[in-house]
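Asks: coords below, sequence missing:
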């Protein structure tokens, strides 16, 4: 694995944050493991926008581990949040789930057919599997378990005792008009949903009770919902009285009662202090004046803690979402991305951009360009020609402090694999034949040599490319088109057909198809662009379009040399009228 650029490299944001976090951890908690944190709400499919909440601290934590320090990456599963809405497009869910709005996520039934006991566990499982594939090491904390087993009891009682101090901080912001956010605007509705962040981001501060301010919200013992209002609380006895919109009301001892939680703007800073969090990023929805991250920076002091270091992270957009099939029109999840790309590419996309830089993850044709860029970087790293910041991002992408992630032994170009998968419709014998003919001097032992990249390319073709854009090779020659050709076109096809056997490899066919128009114009087949008139490019485009029409009935298609290999020499001759 390449050496990660040291912290002196100005383009490596991960190393810079690692420097700061180590220094701050030694000041706050000398001799203890460094603590970084993320928070995820399993209120529905956890999407690629949320993944930045995890990848940012993961990359910093991993750099700290590489330097030999003990570090904990906490992921708080906000599964004790209220169920706020029925997400659209979730299989096995209908409008009847609306009756559960207001309950904790762990009290909501899982979608029909799920193997998991409740809503939260269903969506946590999918994300956990994706994080394992991405090499993310973490300690998961269920907020349901923390609250219902009394782990936070002392913190809850402390918050209630100091509710006046908390209220005074919150009051500074309730009377102020929130200024416009100075951040980039989401590009579309789907990205706005991706920016929404945790379900805890409802920004509830516990105000609104006519009996005073209470930072604690009970879940009703009868309807299980948080449609409750605290009407009184006694610090000495810890007796708390609440009423619920369902008609139920009761008095409980908060020193014994475990069905409730601190409101979000108090809950988050309480956890910072309780866990000793040194580093935690926040999305733009948490970073405006008066929002939970900003207010939490003051409230955390009441609990005897300090606000974590943490950058605001920018939006993660999606390119080509309209073609998504698995997300039913919603924002793609990490599992959706892992279906069409290797973990290394996904890690690289998050590692190479600073947290405050937005970027897009491609589900359309752009994925081919991204893979080309990734493969070129791999070559530069191997040859020692890459810039230090690029080497650092590459190293963080291909592995962690625990070792390298599993990789494709022969990483052939993604666009080539996609083209072959398109033409062969996944037939393994044909796929192996074509891939072996790409470079006959380096045959494959089996398709396992090009997996898992081949599987990702096949999945992209099958799930992201519309049927009308798929490549369908003709069964019979287009006699009408062949009969309409002039002598020059016929001559160009003869040059191509006559050269097939001597050029039957990817490089050879590339040389052949680009050389035909040159030869017809009176130039050598290997003449360079500088030696040719500008009109040769037009002649090449016209020649390519003719061959495509005869092979696949369209003017364009997969790269022509790859298509020729996929179709096979005998069939090419037949379709070109030889």
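Replies: Sure, I can see it. Note that the coordinates shown come from a computational prediction; the quantities given were computed from them, not determined experimentally.
Asks: what's the following helix or strand after the helix or strand of the chain with the lowest mean pLDDT?
Replies: Comparing every helix and strand of the chain by mean pLDDT, DSSP states H and E singles out helix 189-194 as the least confident one, with a mean of 45. Toward the C-terminal end, the helix or strand that comes next after helix 189-194 (DSSP states H and E) is strand 216-218.
Asks: which residues are in contact with that next one?
Replies: Strand 216-218 has contacts (C-beta atoms under 8 Å, 6 or more residues apart in numbering) with 156, 159-160, 204, 206, 226, 228, 230, 240, 242, 252, 254, 257, 259-263. Quick note: C-beta positions are derived from backbone N, CA and C, even for glycine.
Asks: in its sheet, what does it sit against?
Replies: strand 260-262 (antiparallel) (DSSP bridges).
Asks: how far away is the residue nearest the centre of the chain from residue 553?
Replies: Nearest to the geometric centre of the chain sits residue 48, at 3.3 Å (C-alpha atoms, centre = their mean). According to C-beta to C-beta, to the nearest Å, residue 48 stands 36 Å off from residue 553.
Asks: looking at the contacts of strand 216-218, which are in helices?
Replies: Within these, residues falling in helices by DSSP state H are 156, 159, 160.
Asks: what would those residues look like in a markdown table with pLDDT?
Replies: Listed next are these as a markdown table, based on pLDDT from 0 to 100:
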| residue | pLDDT |
| --- | --- |
| 156 | 98 |
| 159 | 98 |
| 160 | 98 |
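Asks: nearest to residue 27, of those residues?
Replies: Comparing the ones in helices among the contacts of strand 216-218 against residue 27 with C-beta to C-beta places residue 159 closest, at 26.0 Å.
Asks: for that closest one, what are its contacts?
Replies: 166, 215, 216, 262, 266, 270, 302, 303.
Asks: contact partners for residue 474?
Replies: 550, 551, 552, 553, 575.
Asks: restricted to strands, list these.
Replies: Residues of the contacts of residue 474 located in strands (DSSP state E): none.
Asks: quick one: which two of these are the most distant?
Replies: Maximum distance among those (C-beta to C-beta): 10.4 Å, for 553 and 575.
Asks: these two: who's more crowded?
Replies: residue 575 (20 against 14; other C-beta atoms under 10 Å).
Asks: how far away is that one from residue 52?
Replies: Distance of residue 575 to residue 52, computed by C-beta to C-beta: 48 Å.
Asks: again with residue 79
Replies: For residue 79, the distance to residue 52 - C-beta to C-beta - is 20 Å.
Asks: who has more neighbours out of the two?
Replies: More crowded of residue 79 and residue 52, by other C-beta under 10 Å: residue 79, with 27 against 24.
Asks: pretty sure that one is in contact with residue 107, am I right?
Replies: No: if you go by C-beta atoms under 8 Å, residue 79 and residue 107 don't touch, sitting 9.8 Å apart.
Asks: separation between residue 521 and residue 259?
Replies: According to C-beta to C-beta, residue 521 stands 83 Å off from residue 259.
Asks: who has more neighbours out of those two?
Replies: Between residue 521 and residue 259, counted using other C-beta under 10 Å, the more crowded position is residue 259 (16 against 13).
Asks: make sure the more buried one is actually in contact with residue 222.
Replies: No: the criterion here is C-beta under 8 Å, and residue 259 misses it with residue 222 at 10.9 Å.
Asks: which residues touch the most far-flung residue of the chain relative to its centre?
Replies: The outermost residue of the chain, judged against the average C-alpha position, is residue 487 (53.5 Å), by C-alpha atoms, centre = their mean. Contacts here follow C-beta under 8 Å, 6+ apart; on that basis residue 487 touches nothing.
Asks: could you pull up phi and psi at it?
Replies: phi -60, psi -40 (degrees, to the nearest 10).
Asks: below-threshold pLDDT in this structure: ranges please.
Replies: Along the chain, segments meeting pLDDT under 70 span 1-11, 175-204, 208-210, 285-287, 321-330.
Asks: if we go to 50?
Replies: In the predicted model of the chain, residues 1-10, 178, 180-202, 322-329 satisfy pLDDT under 50.
Asks: residue 240: neighbouring residues, count only.
Replies: 22.
Asks: and stretch 138-153, what's buried?
Replies: In terms of neighbour count (16 or more other C-beta atoms under 10 Å), stretch 138-153 has its buried residues at 138, 141, 142, 143, 144, 146, 147, 148, 152, 153.
Asks: meant to ask about stretch 69-87
Replies: Here stretch 69-87 shows 69, 71-83, 86 as buried, counting by 16+ other C-beta under 10 Å.
Asks: same thing with stretch 467-479?
Replies: For stretch 467-479, using 16+ other C-beta under 10 Å, the buried residues are 471, 473, 477, 478.
Asks: adding distance to residue 562, write the residues you listed out as JSON lines.
Replies: Listed next are the buried residues of stretch 467-479 as JSON lines, based on distance: C-beta to C-beta, whole Å:
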{"residue": "471", "distance to residue 562": "10"}
{"residue": "473", "distance to residue 562": "13"}
{"residue": "477", "distance to residue 562": "21"}
{"residue": "478", "distance to residue 562": "21"}
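Asks: ok, now which ones touch the residue nearest to residue 44 when sequence neighbours are not counted?
Replies: Excluding its sequence neighbours, the residue lying closest to residue 44 (C-beta to C-beta, 6 or more residues apart in numbering) is residue 87, at 3.7 Å. Applying C-beta under 8 Å, 6+ apart, we find residue 87 in contact with 43, 44, 45, 93, 330.
Asks: what's around the closest residue to the third one other than its chain neighbours, how many residues?
Replies: Spelled out, that is residue 45. Excluding the flanking residues, the one nearest residue 45 by C-beta to C-beta, 6+ apart is residue 333, at 5.0 Å. Per other C-beta under 10 Å, the neighbour tally for residue 333 reads 23.
Asks: hang on, isn't residue 333 packed against residue 125?
Replies: No: if you go by C-beta under 8 Å, residue 333 and residue 125 don't touch, sitting 12.0 Å apart.
Asks: quick check: the residue lying closest to residue 258 once chain neighbours are set aside vs residue 261, distance?
Replies: Spatially, and ignoring its direct neighbours in sequence, residue 258 is nearest to residue 148 (4.8 Å; C-beta to C-beta, 6+ apart). Separation of residue 148 from residue 261 (C-beta to C-beta) stands at 9 Å.
Asks: try residue 272
Replies: Residue 272 is 16 Å from residue 261, by C-beta to C-beta.
Asks: more neighbours, the two?
Replies: residue 261 (28 against 23).
Asks: that one is in contact with residue 144, isn't it?
Replies: No: between residue 261 and residue 144 there is no contact under C-beta under 8 Å: 9.2 Å.
Asks: overlap of the contact sets of those two?
Replies: The contact lists of residue 261 and residue 144 share residue 80, where a contact means C-beta under 8 Å, 6+ apart.
Asks: correct me, but residue 165 touches residue 298?
Replies: No: counting by C-beta under 8 Å, residue 165 sits too far from residue 298 to count as a contact (9.9 Å).
Asks: number of nearby residues for residue 59?
Replies: 26.
Asks: apart from its chain neighbours, what residue comes closest to it?
Replies: Leaving aside its sequence neighbours, residue 59 sits nearest to residue 14 (C-beta to C-beta, 6+ apart; 4.9 Å).
Asks: how far does the strand or helix carrying the one you found sit from its chain's centre?
Replies: Assigned by DSSP H and E, residue 14 belongs to helix 13-28. Offset of helix 13-28 from its chain centre (C-alpha atoms, centre = their mean, to the nearest Å): 25 Å.
Asks: what of stretch 401-416?
Replies: That offset, for stretch 401-416, works out to 18 Å (C-alpha atoms, centre = their mean).
Asks: could you pull up phi and psi at residue 507?
Replies: Note on residue 507: its backbone torsions stand at phi -70, psi -40 [degrees, to the nearest 10].
Asks: what sits against it?
Replies: residue 439.
Asks: for residue 270, see how far away it is.
Replies: 63 Å.
Asks: with residue 296 instead?
Replies: Taking C-beta to C-beta, one finds residue 296 at 9 Å from residue 270.
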